[in-house]
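Visitor: sequence first, then the predicted structure:
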Amino acid sequence: MNETYFQKGFGLKSEVGPLLARTYQSAAVERLKSLGYEAGAGGLHFKLAKEFGFCYGVDRAVDYAYQTRRQFPDRRVFLSGEIIHNPDVNRRLTDMGIEILGDSHDPVERFKTVGSGDVVILPAFGVSVPELNHLKAKQCVLVDTTCGSVLNVWKKVNYYAKDGYTVIIHGKHHHEETRATASQALTHKGGQYLCVRDVAETERVCEFIRGTLSAADLMSTFGEASSADFDPEVHLQRIGLANQTTMLMSETLKVQDTLRRAMIDRHGADNLESRFRAFDTICSATQERQDAVLEMLDAGGLDLMVVIGGYNSSNTQALARMCAPRVTTYYVDSPECVTDAGIQHHLIGTPGESLAPAWLPAGDVRIGVTAGASTPDSVVGETIERILALRGQTAADLTQAADIAQGSQSYA
Ligand code: SF4
């Protein structure tokens with residue numbers, strides 16, 4: 001086979017499909033869905049978000065990784081970093097002999113163990129332009145699983161940079177997707193970028209735009225989050241806004257609005273069109289998962305939320321951030337977080353995990369459940385089963401329940 005760049009799998013879907021189903025599906029989740037996404041047993045009432053877990057992009061990336069292993073049984077196969085941010089999925093790929101490469105901003109360093117003819121799988125959130133070029137130059141076989149929604153962001157970024165707009169990315173500058181997106185801006189002559197993580201950072205950029213913050217003070221915050229020769233005096237004159245696909249939608253809209261108002265204050269409303277462009281590039285899967293959680297929270301009646309996903313998963317973090325101000329929330333990254341000793345969970349904004357021993361109150365408890373786009377049903381189902389086991393119940397004991405928002409209900 002002479003071809004060295006693959007974007008559409010290897011036609012092995014039907015061969016890997018049964019293995020993927022056995023590995024990542026869950027009878028407990030299927031049962032809960034068949035009972036209308038709400039069911040209870042032993043005093044525990046579960047309400048599952050209508051949209052949760054694996055998105056189309058992750059589904060495809062994982063499918064292609066399994067196909068790749070089958071297509072190249074005798075080659076060394078690498079993943080340029082985690083395929084998605086879920087420890088269970090990454091562990092299974094490692095068990096199949098796929099080596100996950102460590103992170104480094106320097107492509108030479110990152111891919112130093114990879115050689116000509118080796119197979120490298122590129123993740124759903126893509127890789128940077130220098131990384132892609134480096135791997136091509138090394139004559140690796142590339143299996144590119146970059147999600148179509150990420151490619152769509154890149155299109156917008158290219159459109160801004162080509163027209164001389166500095167790209168402002170609402171995202172985490174160290175995240176692989178944001179790094180890859182930022183690198184697209186640099187493919188154009190004079191292309192520049194700056195990443196803002198949240199509204200507070202955006203406000204700081206706006207202070208500069210309005211003339212109340214010096215360039216030096218601005219760059220003391222954004223030195224690492226901007227292109228190498230970024231000069232605020234020159235590069236914040238015309239800006240185009242995009243975002244990491246997995247950010248919190250409400251925050252993205254605020255970031256957009258905050259920057260728009262600053263540009264109007266600085267340049268006048270009449271000049272806005274020539275100075276400011278914006279597209280919301282949150283992907284539809286992220287949006288649907290956030291909408292489903294919002295619907296659950298608005299319906300009310302929950303005693304607590306369990307949010308399941310990798311702690312470095314941006315979209316899972318967004319779900320936990322939506323829930324935490326409104327209901328007691330436990331963010332867990334694996335079923336093993338639930339034990340007789342309590343629930344091991346992560347609080348956003350703090351390092352590591354902590355144990356909540358008395359997290360499950362006695363009597364009837366109404367538990368909302370959701371999971372990030374990189375969390376397979378198997379992990380969601382096993383987590384639910386471990387919670388049920390604390391009351392001596394199994395998924396088979398689940399029975400259909402009245403609407404959770406109607407209030408407490410007993411399941412003897
Ligand atoms: S979260 Fe969105 S952008 Fe990321 S892989 Fe899934 S569908 Fe694609």
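Guide: Alright, I've got the coordinates.
Visitor: tell me the residues of the chain that contact the ligand?
Guide: Proximity of the chain to the ligand (Cβ under 6 Å from any ligand atom) is limited to residues 55-58, 124, 147, 149-150, 245-246, 283, 285-286, 315, 373. Just so you know, the C-beta spots here come from the backbone N, C-alpha and C atoms, and that holds for glycine as well.
Visitor: now these: which count as buried?
Guide: 55, 57-58, 124, 147, 149-150, 245-246, 283, 285-286, 315, 373 (16 or more other Cβ atoms under 10 Å).
Visitor: present those residues as JSON lines; the columns should include secondary structure and pLDDT.
Guide: Conversion of these to JSON lines gives the following (DSSP: H, G, I helix; E, B strand; the rest coil; pLDDT from 0 to 100):
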{"residue": "Cys55", "secondary structure": "coil", "pLDDT": "95"}
{"residue": "Gly57", "secondary structure": "helix", "pLDDT": "95"}
{"residue": "Val58", "secondary structure": "helix", "pLDDT": "93"}
{"residue": "Ala124", "secondary structure": "coil", "pLDDT": "93"}
{"residue": "Cys147", "secondary structure": "coil", "pLDDT": "96"}
{"residue": "Ser149", "secondary structure": "helix", "pLDDT": "96"}
{"residue": "Val150", "secondary structure": "helix", "pLDDT": "97"}
{"residue": "Thr245", "secondary structure": "coil", "pLDDT": "95"}
{"residue": "Thr246", "secondary structure": "coil", "pLDDT": "92"}
{"residue": "Cys283", "secondary structure": "coil", "pLDDT": "93"}
{"residue": "Ala285", "secondary structure": "helix", "pLDDT": "94"}
{"residue": "Thr286", "secondary structure": "helix", "pLDDT": "93"}
{"residue": "Asn315", "secondary structure": "helix", "pLDDT": "92"}
{"residue": "Ala373", "secondary structure": "coil", "pLDDT": "93"}
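Visitor: which parts of the stretch 251-400 of the chain are helices?
Guide: Per DSSP state H, counting those that start in this stretch, the stretch 251-400 of the chain carries helices over the ranges 272-275, 284-299, 314-323, 377-389.
Visitor: nearest to Ile343, out of those helices?
Guide: For Ile343, the closest of the helices of the stretch 251-400 of the chain is helix 377-389, at 8.6 Å, according to Cβ to Cβ.
Visitor: C-alpha coordinates for that closest one, CSV please?
Guide: Presented in CSV, the C-alpha positions along helix 377-389 are these (Å, rounded to 0.1, in the frame of the first residue of the first chain):
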residue,chain,number,x,y,z
ASP,A,377,-21.8,4.3,27.8
SER,A,378,-19.9,1.4,29.4
VAL,A,379,-18.4,3.9,31.9
VAL,A,380,-21.7,5.6,32.5
GLY,A,381,-23.5,2.3,33.0
GLU,A,382,-20.8,0.9,35.4
THR,A,383,-21.0,4.0,37.4
ILE,A,384,-24.7,3.7,37.8
GLU,A,385,-24.4,0.1,38.7
ARG,A,386,-21.9,0.8,41.4
ILE,A,387,-24.2,3.4,42.9
LEU,A,388,-27.1,0.9,42.8
ALA,A,389,-24.9,-1.7,44.5
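Visitor: excluding its backbone neighbours, what's nearest the residue of the stretch 151-300 of the chain found nearest the ligand?
Guide: Relative to the ligand, the nearest point of the stretch 151-300 of the chain is Cys283 (3.2 Å; Cβ to the nearest ligand atom). Once flanking residues are discounted, Cys283 sits nearest to Ser149: 3.6 Å by Cβ to Cβ, 6 or more residues apart in numbering.
Visitor: my guess is the one you found meets Asn243, correct?
Guide: No. If you go by Cβ atoms under 8 Å, Ser149 and Asn243 don't touch, sitting 11.3 Å apart.
Visitor: so what sits against both of these two?
Guide: Jointly contacting Ser149 and Asn243 under the rule Cβ atoms under 8 Å, 6 or more residues apart in numbering are Thr281.
Visitor: now whichever strand or helix holds Leu194, how far from the centre of its chain.
Guide: Leu194 is located in strand 193-196, with elements delineated by DSSP states H and E. Strand 193-196 has its C-alpha centroid displaced from the chain centroid by 18 Å (Cα atoms, centre = their mean, to the nearest Å).
Visitor: okay, now Lys47: neighbour count?
Guide: 25 (other Cβ atoms under 10 Å).
Visitor: I'd guess it is in a strand, am I close?
Guide: Yes. The assignment for Lys47 is a strand, going by DSSP: H, G, I helix; E, B strand; the rest coil.
Visitor: tell me who's in contact with it.
Guide: Lys47 sits next to Tyr37, Glu38, Met296, Leu302, Arg366, Ile367, Gly368, Val369, Ile404 when contact means Cβ under 8 Å, 6+ apart.
Visitor: how about the closest residue to the ligand within the chain, nearest residue that isn't a chain neighbour?
Guide: In the chain, the residue that lies nearest the ligand is Gly57 (2.5 Å; Cβ to the nearest ligand atom). Setting aside the residues directly before and after it, Gly57 is nearest to Cys147 in space (Cβ to Cβ, 6+ apart), at 3.1 Å.
Visitor: before we move on, what about Gly342?
Guide: Leaving aside its chain neighbours, Gly342 sits nearest to Pro357 (3.7 Å; criterion: Cβ to Cβ, 6+ apart).
Visitor: I'd say Glu353 and His346 touch.
Guide: Yes. Here Glu353 reaches His346: they are 5.2 Å apart, a contact under Cβ under 8 Å.
Visitor: who's more crowded, those two?
Guide: The residue with more neighbours, out of Glu353 and His346, is His346; 22 against 16, by other Cβ under 10 Å.
Visitor: what's the neighbour count on Gly11?
Guide: For Gly11, the number of neighbouring residues by other Cβ under 10 Å comes to 9.
Visitor: pLDDT value on it, please?
Guide: Note on Gly11: pLDDT of 96.
Visitor: sticking with it, tell me its helix or strand.
Guide: Per DSSP H and E, there is no helix or strand for Gly11.
Visitor: can you check the one 10 residues further on too?
Guide: Under the criterion of DSSP H and E, Ala21 resides in helix 13-24.
Visitor: got the buried residues for the helix or strand just after that helix?
Guide: As assigned by DSSP H and E, the chain's next helix or strand after helix 13-24 is helix 27-34. Within helix 27-34, the residues that count as buried by 16+ other Cβ under 10 Å are Ala28, Val29, Arg31, Leu32.
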